[in-house]
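[1] Based on what follows, work out the 3D shape:
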Amino acid sequence: MFGKKLKIGLFGFGVVGQGLYDVIHKSKGINAEIVKICVKHREKPRPIGMENFTFNKDELLEDKSIDVIVELIDHADEAFEIVSTAMKNGKAVVSANKKMIAEHLSELYQLQKQYDVPFLYEASVCGAIPIIRNLEEYYDNDLLDAVDAICNGTTNYILTKISEEALPYSEALRQAQILGFAESNPALDVQAFDPKYKLNILILHTFGLFVPHEKILNYGIEHLNECDATYAREKGLKIKLIAQTAKKGNNVIGFVMPKFVSKESLFFGVRNEFNAVQLSAAFSEKQFLLGKGAGSFPTASAVLSDISALSHHYRYEYKKVGQNGKLEFSNEEIIPVYMRYQNRDDVHQIKFESIDEEFQSPKHRYVTGTVKIKHLLDAGLNDRKDIFVCAL
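    You can find the predicted model right below:
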């Protein structure tokens, strides 16, 4: 299958799809060509000739000459239909759709086994940072303890502007939207759904666990205000939205929420739309990867890397799925947090295990203490505009 030039069927020709088209034509190290591109909107202007396009997905999925389907569309349900059909038809698949992958991880794993086809998705997590393949290969035999990541460029850009220019959240968001980092409806990013989907994938490749994404706490930066930013500046800290997973005995925890980081943290200097991943392992200790997590060429480069890997018969082996039989996902872990509030009753509703500090002024009320992850999950924090919670 892969001893010849790879024939690619591409779904989607947005920012990443166009980036892939460009890098494939500029790259001299890969023997592949895009045979046909399937798009949805007939009336949309295209930068290349219409002879390259089709509006019928079966032209790609049923074409026996096409070896690889590359899926780069936004719609998760349609993406799963494309990807699953391609695998059933014996085609290798590359995808960047983190929502689709996170929602169907177990099914996609079984389809790869059942139909003996590779499915690669490096671009779904942290753009150009090669984290999945590192977890699969380099950290195959090292005992991983934890993975922490800034894996959403939109929120990191917003938080950078709040920290460095003292902008209010609304203005920082507006600038991110003008620059194209944030959508007109930014909920997927600012409520931390996007990094949760990425964390879901990281948990599988770090610890070998399939975790329903509904069990993972995602809490974003939407309700951050001037008091929280001032608290951080006065203490020499920055607020970063961090996805965290760690092994605690036989339990694995995983959650996404804002966190105060100090100058000693490598995340302190991660600015604007950049992403970063820190791995903690028994033998190699701490490793830190930094790179652009989004954008046309950074994401396209990760897709291209997967296509290149297919030409060398590469596939994920998922060795940790069989190795970590005793591990279970848990939200029982107690973590330290800061909570800014208006109503004192909210402190009891969040069910703090302990309180270390409490402060009240006419403008700013907060407590710091410890709370179980499950109580934060149950609190529906993204819907609570009157409070803001940040990990310590």
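[2] drop to CA atoms for contacts and neighbour counts, all remaining ones
    OK.
[3] Could you report the distance from residue 31 to residue 166?
    Distance of residue 31 to residue 166, computed by CA to CA, to the nearest Å: 49 Å.
[4] Could you check the helix-or-strand element of the chain with minimal mean pLDDT and say which residues are buried?
    Across the helices and strands of the chain, mean pLDDT, DSSP states H and E gives its lowest value to helix 319-323, namely a mean of 88. Using 16 or more other CA atoms under 10 Å as the burial criterion, the residues of helix 319-323 that qualify are residue 320.
[5] Next: stretch 16-31.
    For stretch 16-31, burial by neighbour count (16+ other CA under 10 Å) applies to 16, 17, 18, 19, 20, 21, 23, 24, 30, 31.
[6] Over to stretch 36-45?
    36, 37, 38, 39.
[7] Surely the third one and residue 58 touch.
    No. With contact defined as CA atoms under 8 Å, residue 38 does not reach residue 58; the gap is 9.2 Å.
[8] ok, back up a step: which of the buried residues of stretch 36-45 sit farthest apart?
    For the buried residues of stretch 36-45, the maximum inter-member distance is 9.9 Å, found between 36 and 39 (CA to CA).
[9] CA-only coordinates of stretch 97-117 in CSV, if you can.
    Taking Å, rounded to 0.1, in the frame of the first residue of the first chain, the C-alpha atoms of stretch 97-117 are listed here in CSV:
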residue,chain,number,x,y,z
ASN,A,97,-10.6,16.9,14.8
LYS,A,98,-10.0,16.8,18.6
LYS,A,99,-13.8,16.9,19.5
MET,A,100,-14.7,14.0,17.2
ILE,A,101,-11.7,12.0,18.4
ALA,A,102,-12.4,12.6,22.1
GLU,A,103,-16.1,11.7,21.8
HIS,A,104,-15.3,8.5,19.9
LEU,A,105,-11.9,7.3,21.2
SER,A,106,-12.9,3.8,22.1
GLU,A,107,-14.9,3.3,18.9
LEU,A,108,-12.0,4.6,16.8
TYR,A,109,-9.6,2.3,18.6
GLN,A,110,-11.7,-0.7,17.9
LEU,A,111,-12.2,0.3,14.2
GLN,A,112,-8.4,0.4,13.8
LYS,A,113,-8.1,-3.1,15.2
GLN,A,114,-11.1,-4.5,13.3
TYR,A,115,-10.1,-3.2,9.9
ASP,A,116,-6.3,-3.3,10.4
VAL,A,117,-5.8,0.3,9.3
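[10] From the chain's centroid, how far away is it?
    Per CA atoms, centre = their mean, to the nearest Å, the displacement of stretch 97-117 from the mean C-alpha position of its chain is 16 Å.
[11] Mind checking the pLDDT average for it?
    For stretch 97-117, mean pLDDT is 98.
[12] again, but for stretch 154-171
    Over the span of stretch 154-171, the pLDDT mean works out to 97.
[13] Check which residues of it are buried.
    Neighbour-count burial for stretch 154-171, counted by 16+ other CA under 10 Å, picks out 154-163, 167-169.
[14] what does stretch 209-224 give?
    Neighbour counts over stretch 209-224 (16+ other CA under 10 Å) mark 209-211, 213, 216-224 as buried.
[15] which ones are touching the residue in the chain sticking out farthest from the centre?
    Using CA atoms, centre = their mean, the residue of the chain lying farthest from its centre is residue 362. It sits 38.3 Å away. Not one residue lies near residue 362 by CA atoms under 8 Å, 6 or more residues apart in numbering.
[16] again with residue 331
    Contact partners of residue 331, counting by CA under 8 Å, 6+ apart, are 253, 254, 372, 373, 374.
[17] now these as TSV including secondary structure?
    TSV is the format used below for the contacts of residue 331 (DSSP: H, G, I helix; E, B strand; the rest coil):
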residue	secondary structure
253	strand
254	strand
372	strand
373	helix
374	helix
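[18] just to revisit the earlier point, what phi and what psi does the backbone show at the residue farthest from the centre of the chain?
    phi -60, psi -30 (degrees, to the nearest 10).
[19] what's near enough to touch the closest residue to residue 237 other than its chain neighbours?
    Nearest residue to residue 237 in three dimensions, chain neighbours excluded: residue 262, at 4.8 Å (CA to CA, 6 or more residues apart in numbering). Listed by CA under 8 Å, 6+ apart, the contact partners of residue 262 are 236, 237, 238, 268.
[20] among the residues you listed, who's most crowded?
    residue 238 (25 neighbours; other CA atoms under 10 Å).
[21] Report the separation between that one and residue 151.
    16 Å.
[22] picking up where we left off before, now what about the least confident helix or strand of the chain, what contacts it?
    For helix 319-323, using CA under 8 Å, 6+ apart, the contacting residues are 136, 140, 204, 205, 206, 207, 208, 209.
[23] measure the first one to residue 272 for me?
    Distance, residue 136 to residue 272, by CA to CA: 28 Å.
[24] Which of the buried residues of stretch 209-224 fall within strands?
    Mapping the buried residues of stretch 209-224 onto strands (DSSP state E) picks out 217, 218.
[25] Quick one: neighbours of residue 251, just the number.
    Residues lying near residue 251 (other CA under 10 Å) number 15.
[26] Spatially, and excluding backbone neighbours, which residue is closest to it.
    Excluding its sequence neighbours, the residue lying closest to residue 251 (CA to CA, 6+ apart) is residue 328, at 5.0 Å.
[27] Roughly how far does the one you found sit from residue 246?
    For residue 328, the distance to residue 246 equals 11 Å [CA to CA].
[28] And the strands in the stretch 201-350 of the chain?
    Secondary structure of the stretch 201-350 of the chain, counting by DSSP state E, counting those that start in this stretch: strands at 217-218, 238-248, 251-261, 274-281, 285-292, 328-329, 334-340.
[29] Determine which stretch of these is the most buried.
    Greatest average neighbour count among the strands of the stretch 201-350 of the chain goes to strand 217-218 (a mean of 26), per mean count of other CA atoms under 10 Å.
[30] Having no further points to raise, I will conclude here.
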